[in-house]
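Asker: Just a sequence and a predicted model for now, questions to come.
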Amino acid sequence: MTMHSATLAINEALQTKKAAGEKVLHLGFGEAGLPVPEDVVSRLQSAARENSYGAVVGSSEARTEAAGWFTRRNAPTRPEQIIFAPGSKPLLYALLAVLEGDLVLPAPAWVSYAAQAEMAGKTLLRVPIPPEAGGIPDPALLEGALEEHRAAGGDPGILLLTIPDNPTGTAATRQSVEAVCSVAEAYGLVIISDEIYAEVCHDGSAPSALSCLPERTVVTSGLSKSMALGGWRIGFARVPDNEWGRELMSALIGVASEIWSSLAAPMQSAAAYVLSDPDSVAAHIAKARTLHARVAAAVHDVFIESGAACRRPTAGFYLYPDFGPVRDRLEDKGITTSDALADWLLAHHSMGVLPGSAFGDDDRRLRARVATSLLYGDTDQQRWEALDSDDPVALPWIRTSLAHLRTALTALTS
């Protein structure tokens with residue numbers, strides 16, 4: 001039986017604590033934590049009476065705007081290559097359901113990939129990420145892992161990348177992505193590139209697998225991270241413009257028609273507006289990118305002060321600290337696994353993080369996934385102020401959260 005998603009479970013646990021009056025530090029849930037711009041709200045409101053079923057793939061307007069969105073990002077795309085869904089999760093599952101072969105995943109990787117692979121009956125091959133960044137398997141290890149898997153009777157067929165990455169909050173270099181794609185091509189692997197964080201890369205750009213292996217790469221994305229529209233459930237995918245891509249689209253339509261029918265019409269209207277890249281939306285995303293970068297960097301500094309090792313975040317709003325350097329101090333408190341680490345922080349300091357084990361990491365490694373985006377405020381007014389601030393880390397509510405974090409980590413590592 002597939003278990004409750006770890007990310008959703010920690011969110012519900014912390015919400016329960018908060019409702020009971022506890023002061024919680026919510027670092028466990030990857031919600032982008034920002035308000036919705038008024039022009040986007042207005043577009044949704046204007047489409048509220050659109051209550052008919054639509055085409056499974058999405059409306060002509062939404063597909064056209066999504067195609068233009070990809071094209072402006074150096075991936076020429078026709079509307080026929082686009083399919084919409086209520087979030088990117090259903091698209092990822094549909095792809096795993098229709099594509100053949102075992103799934104190759106970087107380790108660690110987002111929690112839902114492995115769960116969906118299990119639901120789709122896929123055998124899983126995990127390959128460690130390179131030292132500098134997550135989201136891709138280490139190119140130096142990938143070929144050997146594939147050979148070993150095949151020798152043991154496995155059938156690797158799909159390579160799933162996350163560019164930029166959740167859980168590490170980093171983006172692989174173009175050279176590393178090219179190296180991984182070269183191995184994938186040599187072994188006949190299809191690439192699913194989850195690029196939902198591409199718009200919130202801190203320097204404004206991230207490499208895409210499309211530039212390396214366009215004929216066999218499917219890109220999934222959505223508006224939950226760049227626009228903080230997680231609750232609106234808007235996802236979309238781009239398939240290659242070739243015979244293989246057309247056959248894949250047909251298979252995806254078959255799955256979609258029996259599971260979600262189509263993305264809600266009002267959401268398609270809102271998506272079409274956002275994906276047309278109006279100046280207001282571009283400015284909003286730019287501000288969000290800056291806010292994510294500054295708060296994630298401040299949280300990173302606190303973890304480093306505590307003695308943990310941690311890659312400096314370069315995208316999104318995640319960190320992946322490793323308490324291996326202070327293992328002896330944690331063992332004195334009976335903490336020997338990532339699960340015990342997360343449990344201790346939740347029990348003693350109402351601080352929610354996800355254990356590395358949830359992401360396929362070895363539970364004996366003292367690692368955790370930390371999400372910083374719910375520190376921006378508890379109200380829309382606070383979130384707007386954080387978004388517009390030249391120094392968001394100095395805002396009282398963010399400063400208080402950083403103090404809470406420092407207190408918890410000091411107690412943990414003392």
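Answerer: Structure's in. What do you need?

Asker: Provide the secondary structure category for the residue nearest the centre of the chain.
Answerer: With distances taken as Cα atoms, centre = their mean, residue 166 lies nearest the centre of the chain, 4.6 Å away. Using DSSP: H, G, I helix; E, B strand; the rest coil, the structure places residue 166 in coil.

Asker: need the contact list for the closest residue to it other than its chain neighbours.
Answerer: Of all residues not flanking residue 166 in the chain, residue 110 sits nearest, at 4.9 Å (Cβ to Cβ, 6 or more residues apart in numbering). C-betas here are computed from N, CA, C, even on glycine. Neighbouring residues of residue 110 by Cβ atoms under 8 Å, 6 or more residues apart in numbering: 162, 166, 167, 194, 359.

Asker: Check these and tell me the two furthest apart.
Answerer: 194 and 359 (13.8 Å; Cβ to Cβ).

Asker: quick one: the strands in the stretch 251-400 of the chain?
Answerer: Counting by DSSP state E, counting those that start in this stretch, one finds strands in the stretch 251-400 of the chain at the ranges 318-319, 351-352, 354-355, 368-371.

Asker: got those as TSV, with mean pLDDT columns?
Answerer: Compiled in TSV, the strands of the stretch 251-400 of the chain are given as follows (pLDDT from 0 to 100):
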stretch	mean pLDDT
strand 318-319	98
strand 351-352	96
strand 354-355	96
strand 368-371	98
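
Asker: so which of these comes closest to residue 146?
Answerer: Here strand 368-371 is closest among the strands of the stretch 251-400 of the chain (Cβ to Cβ), at 26.6 Å.

Asker: pLDDT (mean, whole number) over stretch 136-156?
Answerer: Mean pLDDT, stretch 136-156: 98.

Asker: Can you list the neighbours in contact with it?
Answerer: 100-102, 104-107, 123, 125, 127-131, 159, 161-163, 165, 172, 176-177, 179-180, 183, 186-187, 189.

Asker: Which positions within it qualify as buried?
Answerer: Neighbour-count burial for stretch 136-156, with 16 or more other Cβ atoms under 10 Å as criterion, is recorded at 136, 137, 138, 139, 142, 143, 145, 146, 149, 154, 156.

Asker: How about stretch 404-414?
Answerer: 404, 405, 408, 409, 412, 413.

Asker: repeat for stretch 6-15
Answerer: 6, 7, 9, 10, 11, 14.

Asker: Of all pairs in these, which one is the farthest apart?
Answerer: 6 and 14 (12.7 Å).

Asker: what is in contact with the two at once?
Answerer: Joint contacts of residue 6 and residue 14 (Cβ under 8 Å, 6+ apart) do not exist.

Asker: For the chain, which residues score under the pLDDT cut-off?
Answerer: The model of the chain has pLDDT under 70 over residues 1-3.

Asker: quick one, longest helix in it?
Answerer: Ordering each helix of the chain by length in residues (DSSP state H) puts helix 279-305 first.

Asker: Tell me how far that helix lies from the chain's centre.
Answerer: 16 Å (Cα atoms, centre = their mean, to the nearest Å).

Asker: Select only the buried ones of the contacts of stretch 136-156 in ChimeraX?
Answerer: Buried residues within the contacts of stretch 136-156, by 16+ other Cβ under 10 Å, are selected in ChimeraX with:
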select :101,102,104,105,106,107,125,127,128,129,130,159,161,162,163,165,172,176,177,179,180,183,187,189
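
Asker: from the contacts of stretch 136-156, which ones fall inside strands?
Answerer: In this view, the contacts of stretch 136-156 that belong to strands under DSSP state E are 102, 104, 105, 106, 107, 125, 127, 128, 159, 161, 162.

Asker: is it possible to export the residues you listed to CSV including distance to residue 96?
Answerer: Output for the ones in strands among the contacts of stretch 136-156, formatted as CSV (distance: Cβ to Cβ, whole Å):
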residue, distance to residue 96
102, 11
104, 12
105, 11
106, 16
107, 17
125, 14
127, 17
128, 21
159, 12
161, 14
162, 14
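
Asker: Just name the closest of those to residue 89, please.
Answerer: Looking across these and measuring by Cβ to Cβ, the closest to residue 89 is residue 162, at 13.3 Å.

Asker: ok, now which ones touch that closest one?
Answerer: With Cβ under 8 Å, 6+ apart, residue 162 has these contacts: 106, 109, 110, 134, 135, 136, 193, 194, 197.

Asker: what does residue 214 give?
Answerer: Contacts of residue 214 (Cβ under 8 Å, 6+ apart): 75, 240.

Asker: can we see that at 10 Å?
Answerer: Counting by Cβ atoms under 10 Å, 6 or more residues apart in numbering, residue 214 makes contact with 75, 76, 181, 191, 208, 240, 241, 242, 245.
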